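> Predicted model and sequence follow; I will ask about them next.
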Amino acid sequence: MEFKDYYQVLGVEKTATAEEIKKAYRKLARKFHPDVSKELDAEQRMQEINEAKAVLSDPEKRLAYDQLAQQYHSGQDFQPPPDWDAGFEYSGRGFEEADLGEFSDFFANLFGQGSRQRGGGRAGRGYQMRGEDRHAKVVIDLKDAYLGATRSITLLVPQVDAQGRVSSKEHTLNVGIPKGVKAGQHIRLSGQGSPGIGGGPAGDLFLEIHFIPDPRYRVEGRDVHQTVPVTPWEAALGASIETPTPSGIVKLKVPAGSQSGRRLRLKGRGIPGPDPGDLYVELAVVLPPADSDKARELYETMARELAFDPRQRKGG
């Protein structure tokens, strides 16, 4: 998948105002609309033009896209980085699944999140209306899911000036991370969404939780997987060892005769909850280096004393 430069598609500068984007869209739409254009690629061009307008005319999508576009150029091979849109606030408006068929895979990968529902209409004079709910993705340490925590989280909120230019404003919140929260779970902050209309109550802010990638751990629901290195003698003879986990240091019994890849289950040691997950530990036997005369002598003794050939099949 290639990265699309939506500013290049519309032929406008990255500092273009909302009115300049609208004018550029109208000019190109008159030229490439399939009903009037004789260009062979009119339909494809019109799709790209519609995509560019959908993103650049929406302050929220434009702000997020601009941050991402700092790292890529048009035509570059592209896959959205994990949690690329974390830290941005979005209103309740979004795209229905049916709408996405009109756009490219590039657009759908960035903005085709079905969780962003459409907002309501405008209220008439004298009416009160509740403000829109807003949504944001935040990333936390796995440790916070085990122990709970209070974290200061800063989100970027789009602001549009009188000329239609988009900038960002920081929105900082102190958020209580409940013990046992899972990836993908939403935390609701009442009254932190968009202001109400006509004195109506403010909407809510929903934070979608994701974990900061940690090479030591892999999370599946409430279960957590990790690899623990052990020495050859610990694996062969059995041992009681200590190993760090997201919840702290735990004691682990290594059964005698263990091989690399053996999996041990620590029941209830995964992410806490009414039905807590398990912690799965995969053993990895690590050989000490033969980098001294003494070490080589010990390996040579093992080679002589142990009648062991791992390539010989059992029973033959």
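That came through fine. Numbers count the residues shown, from 1 in each chain.
> Can you find the helix or strand in this protein with the smallest mean pLDDT?
helix 97-100 (a mean of 41; mean pLDDT, DSSP states H and E).
> Let me know the next secondary structure element after that one.
Next helix or strand after helix 97-100 toward the C-terminus (DSSP states H and E): helix 105-111.
> For that next one, what is the distance to the chain centroid?
Here the centre of helix 105-111 is set off from its chain's centre by 15 Å, with C-alpha atoms, centre = their mean, to the nearest Å.
> just the CA coordinates of that helix, formatted as PDB?
In PDB, the C-alpha atoms belonging to helix 105-111 read as follows (Å, rounded to 0.1, in the frame of the first residue of the first chain):
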ATOM      1  CA  ASP A 105      -7.600   0.800   1.300                       C
ATOM      2  CA  PHE A 106      -5.300   3.600   2.400                       C
ATOM      3  CA  PHE A 107      -8.200   5.700   3.600                       C
ATOM      4  CA  ALA A 108     -10.000   2.700   5.100                       C
ATOM      5  CA  ASN A 109      -6.900   1.700   7.100                       C
ATOM      6  CA  LEU A 110      -6.500   5.100   8.600                       C
ATOM      7  CA  PHE A 111     -10.100   6.300   9.100                       C
END
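> I'd like to know which elements whichever helix or strand comes after that helix is packed against.
Proceeding N to C from helix 105-111, the next assigned helix or strand is strand 134-140, under DSSP H and E. Strand 134-140 sits against strand 89-91, strand 149-160, strand 205-211, with contacts defined as 3 or more C-beta pairs under 8 Å, 6 or more residues apart in numbering; DSSP states H and E. In short, each C-beta sits where N, CA and C put it, glycine included.
> Show the low-confidence segments of the stretch 51-200 of the chain, by residue range.
Across the stretch 51-200 of the chain, the ranges flagged by pLDDT under 70 are 80-102, 112-128, 160-164, 197-198.
> any chance you could map the strands in the stretch 201-316 of the chain?
Ranges of strands within the stretch 201-316 of the chain are 205-211, 217-220, 223-230, 239-245, 248-254, 263-266, 279-285, based on DSSP state E, counting those that start in this stretch.
> Let me know which of the ones you listed is the nearest to Ala18.
Of all these, the one in closest proximity to Ala18, counting by C-beta to C-beta, is strand 205-211 (25.2 Å).
> That closest one pairs with which strands, parallel or anti?
strand 134-140 (parallel), strand 186-189 (antiparallel) (DSSP bridges).
> Any chance of the strands of the stretch 201-316 of the chain in CSV with mean pLDDT, mean neighbour count and distance to Gln192 as columns?
Formatted as CSV, the strands of the stretch 201-316 of the chain follow (pLDDT from 0 to 100; neighbours: other C-beta atoms under 10 Å; distance: least, C-beta to C-beta, whole Å):
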stretch, mean pLDDT, mean neighbour count, distance to Gln192
strand 205-211, 91, 20, 4
strand 217-220, 95, 15, 27
strand 223-230, 97, 17, 30
strand 239-245, 95, 13, 33
strand 248-254, 94, 13, 33
strand 263-266, 96, 13, 38
strand 279-285, 97, 19, 34
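> closest to Asp309 out of those?
When these are compared by C-beta to C-beta, strand 279-285 sits nearest Asp309, at 17.3 Å.
> who's in contact with that closest one?
Taking C-beta atoms under 8 Å, 6 or more residues apart in numbering as the criterion, the residues outside strand 279-285 that touch it are 223-232, 235, 243, 245, 250, 252, 254, 258-266, 269-270.
> one more time with 7 Å, if that's ok
Contact partners of strand 279-285, identified using C-beta atoms under 7 Å, 6 or more residues apart in numbering, comprise 223-230, 232, 235, 245, 252, 254, 258-266, 269-270.
> same deal with stretch 233-252?
142-143, 146, 217, 224, 226, 228, 230, 253-259, 264, 266, 269, 279, 281, 283, 285.
> Could you check the pLDDT of the residue lying closest to Ser258 once chain neighbours are set aside?
Excluding the flanking residues, the one nearest Ser258 by C-beta to C-beta, 6 or more residues apart in numbering is Ala235, at 4.4 Å. According to the predicted model, the pLDDT of Ala235 comes to 96.
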